[in-house]
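A.B. asks: Sequence and predicted structure, then a few things I'm wondering about:
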Amino acid sequence: MAYIFLIIGFGLLIKGADLFVKGSSNIARLLRVSPIVIGLTIVAFGTSAPEATVSIIAGIKGSSDVSLGNVIGSNIFNFTLVVGLAAFLHPLSVESNTIKKEIPFTLLSSTVLFVLISDIYLQGINENTLSRADGLILLLLLSIFLYYVFEVAMKNRQNTEQTEIPKDIKWGSSTLFIVLGLVGIIFGGQMVVNNGTKIAISLGMSETLVGLTIIAIGTSLPELVTSITAALKKESEIALGNIVGSTIFNILFVLGSSSIIAPLPVNDKVFIDMIIMIVLTAVLFIFSRTRYRIGKIEGLILVFVYIFYLGYIILRN
């Protein structure tokens, strides 16, 4: 039954995230918010909502390995399989702002997280922990990112004011989508954490491995669906922008909020995965610099990297 409830939980997470993004995007249009801001904030936050829900619930229940593993595993999944498949389906064009500001900010956020969890090495204490103070630092970095997004919004305001709002977008239905989406995300998140942990125990798997694999892949499905759909529609900026924005939210908002609610002890194995995540962010930056696009060959490379990584962490367990 745990497997069935896990699948149902993932279904609720995915559908909930879809409804949340749809409702939030509609309200943003009604308020005449820039499409760029919608992509960097609402869509990115919406597709990161499953990770946020699962990590916060896991943190409250004392499953810190699931919280950290979920975020790090989701980011690695996004930077390899999601970007790789999207680029293979249609080469991803990269905007200059993404290269100059957003990917470097992702790299900065990952590096800051690595420093914050290195308590034994840097402070000489007995345990590595993502504390409440660390969570505040992450949320402060998030506020800087949101300020940058606000600046982008102001620059694109004139174009947005000229955009017509479709007649089928209404306040009532959009608000209902948001409420239903949040309900699906919350209940789905609880089902994923509870049943994912049960399966891990029954199979002799560690919580870290479950967080890095089953839960990370499941909560990243909204990013996968969104990015592949955007790539098929040849809206490559949305595909890559969604991934970069979601990764920033995963690190700064998800782990920041989770650690403020309940400090997260850090498993030593996570450090290797953190280094892999930072390296992959740098690789994505290099790929983006080549003719301002991520091509099919580069996409295949990223897909194979994830396959090798998945094999590595399974054997490591």
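C.D. replies: Sure thing, it's come through.

A.B. asks: in the stretch 201-317 of the chain, which spans are strands?
C.D. replies: With strands called from DSSP state E, counting those that start in this stretch, the stretch 201-317 of the chain shows them at 264-265, 293-294.

A.B. asks: could I get those as JSON lines with mean pLDDT?
C.D. replies: Output for those, formatted as JSON lines (pLDDT from 0 to 100):
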{"stretch": "strand 264-265", "mean pLDDT": "84"}
{"stretch": "strand 293-294", "mean pLDDT": "84"}
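
A.B. asks: Now mean neighbour count too, for the ones you listed, in TSV please.
C.D. replies: C-beta coordinates here come from the backbone N, C-alpha and C atoms, glycine included. TSV is the format used below for the strands of the stretch 201-317 of the chain (neighbours: other C-beta atoms under 10 Å):
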stretch	mean neighbour count
strand 264-265	21
strand 293-294	21
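
A.B. asks: Between those, which one is closest to residue 141.
C.D. replies: Proximity to residue 141 (C-beta to C-beta) singles out strand 264-265 among the strands of the stretch 201-317 of the chain, at 17.0 Å.

A.B. asks: Can you give the strand pairings for that closest one, parallel or anti for each?
C.D. replies: Strand 264-265 pairs in its sheet with strand 129-130 (antiparallel), by DSSP bridges.

A.B. asks: count of residues packed around residue 307?
C.D. replies: Here the number of neighbours of residue 307 (other C-beta atoms under 10 Å) works out to 12.

A.B. asks: before we move on, back to that, distance to residue 81 added to the strands of the stretch 201-317 of the chain, as JSON lines?
C.D. replies: JSON lines is the format used below for the strands of the stretch 201-317 of the chain (distance: least, C-beta to C-beta, whole Å):
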{"stretch": "strand 264-265", "distance to residue 81": "25"}
{"stretch": "strand 293-294", "distance to residue 81": "13"}
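
A.B. asks: Not counting stretch 129-139 itself, show me its contacts.
C.D. replies: Stretch 129-139 is touched from outside by 68, 109, 112-113, 116-117, 119, 251-253, 255-260, 263-266, with contacts defined as C-beta atoms under 8 Å, 6 or more residues apart in numbering.

A.B. asks: ok, then the element right after the helix or strand where residue 84 lies?
C.D. replies: Here residue 84 is covered by helix 83-89, with elements defined by DSSP states H and E. Using DSSP H and E, the helix or strand that follows helix 83-89 in sequence is strand 92-93.

A.B. asks: Which secondary structure element of this protein has the lowest mean pLDDT?
C.D. replies: helix 157-161 (a mean of 56; mean pLDDT, DSSP states H and E).

A.B. asks: ok, back up a step: from the contacts of stretch 129-139, which would you call buried?
C.D. replies: By neighbour count, with 16 or more other C-beta atoms under 10 Å, those hold 68, 109, 112-113, 116-117, 119, 251-253, 255-260, 263-264, 266 as buried.
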